[in-house]
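Peer 1: Take a look and give me a structure for this.
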Amino acid sequence: MGFSCYRNNFVDWKTKMSDLVTPSPVELPKHILDVWVIVLIILATIVVMTSLLLLPAAAVVMYRVRTHPIQSTR
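Peer 2: Numbering: from 1, shown residues only. Below you'll find the model as predicted:
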């Protein structure tokens, strides 16, 4: 007698959960970008970051070479 109310609640919960499940098979998500586009973005990022790292140092070297020329000892 006491278990019948719990059993009815469980059956109701089970039917509610079965309503949430869709009968169609799960499809794999499609990629937003192709693999080659992702590789190009990664390579472009590497080039940009490398140039941001090296170009200021090269500018400092060129500035110092121009403003402080090497004087010969003769």
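Peer 1: only C-alpha atoms for contact and neighbour calcs from this point on.
Peer 2: Noted.
Peer 1: ok, longest helix in the protein?
Peer 2: Across the chain, the longest stretch assigned as helix under DSSP state H is helix 35-67.
Peer 1: Could I get the buried residue list for that helix?
Peer 2: Buried positions in helix 35-67, judged by neighbour count with 16 or more other C-alpha atoms under 10 Å: none.
Peer 1: mean confidence for it?
Peer 2: Taken as a whole, helix 35-67 has a mean pLDDT of 95.
Peer 1: where does Gln71 land in three-state SS?
Peer 2: Look at Gln71: counting by DSSP: H, G, I helix; E, B strand; the rest coil, its state is coil.
Peer 1: give me phi/psi at it?
Peer 2: The phi and psi values for Gln71, taken as degrees, to the nearest 10, are phi -100, psi 130.
Peer 1: Now for it, how many residues are close by?
Peer 2: Residues lying near Gln71 (other C-alpha atoms under 10 Å) number 6.
Peer 1: quick one, what contacts it?
Peer 2: The contact partners of Gln71, by C-alpha atoms under 8 Å, 6 or more residues apart in numbering, come to none.
Peer 1: For it, report the pLDDT, please.
Peer 2: What the model reports as pLDDT for Gln71 is 78.
Peer 1: same question, Val26
Peer 2: Taking Val26 on its own, its pLDDT is 72.
Peer 1: Report the secondary structure state of it.
Peer 2: coil.
Peer 1: and the gap between Met49 and Leu40?
Peer 2: With distances taken as C-alpha to C-alpha, to the nearest Å, Met49 is found 14 Å from Leu40.
Peer 1: And for Ala59?
Peer 2: As judged by C-alpha to C-alpha, Ala59 and Leu40 stand 28 Å apart.
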